[in-house]
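> Test case, fold it:
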Amino acid sequence: MAHLLVHHHVEDYVKWKHNFDAHASARSINGSRGGKIFRSANNPNEVFILLDWDSIANAQKFAQSQNIKEVMKNAGVVGITAIYFIEEAAKISA
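Take a look at the predicted model:
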């Protein structure tokens, strides 16, 4: 399965999360299959998002859209966002 891994800093997590949730249908329409949000233990405004995607091509198209840039700006994303397009290589056990 294809994945989109995003790391960014936000001004306010609650504001960001509200905007992120409001954008769920756009992600779904473009191939997102859900995922997980992580926050840094040292900085609650440092966010990591791991999204499952139907294909790397659709994840790339979504991440490069003008719409997502506007949504991130309105959500309070600050600084440089790191975006990675990744595929699962192996499952590991404890």
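> low-confidence ranges in this protein?
In the predicted model, the chain carries no residue with pLDDT under 70.
> Please enumerate the strands of it.
2-10, 32-39, 46-53, 77-87 (DSSP state E).
> Using JSON lines, please lay out those together with mean neighbour count and distance to Val71.
In short, each C-beta sits where N, CA and C put it, glycine included. Below are the strands of the chain laid out as JSON lines (neighbours: other CB atoms under 10 Å; distance: least, CB to CB, whole Å):
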{"stretch": "strand 2-10", "mean neighbour count": "19", "distance to Val71": "12"}
{"stretch": "strand 32-39", "mean neighbour count": "13", "distance to Val71": "13"}
{"stretch": "strand 46-53", "mean neighbour count": "18", "distance to Val71": "13"}
{"stretch": "strand 77-87", "mean neighbour count": "13", "distance to Val71": "9"}
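> Just put those strands in CSV and tack on distance to Ile68.
Output for those, formatted as CSV (distance: least, CB to CB, whole Å):
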stretch, distance to Ile68
strand 2-10, 10
strand 32-39, 11
strand 46-53, 12
strand 77-87, 10
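> how about those, which one is nearest His23?
Closest approach to His23 among those is made by strand 32-39 (9.9 Å; CB to CB).
> relative orientation of that closest one and strand 2-10 in degrees?
Angle, strand 32-39 to strand 2-10, by axes from the mean of the first three to the mean of the last three CA atoms, to 10 degrees: 40 degrees.
> looking at it, Arg39 is touching Trp16, isn't it?
No: using CB atoms under 8 Å, Arg39 is not in contact with Trp16, being 10.3 Å away.
> shared neighbours of these two, anything?
Common contacts of Arg39 and Trp16, defined by CB atoms under 8 Å, 6 or more residues apart in numbering, comprise 45, 47.
> Noted, bye for now.
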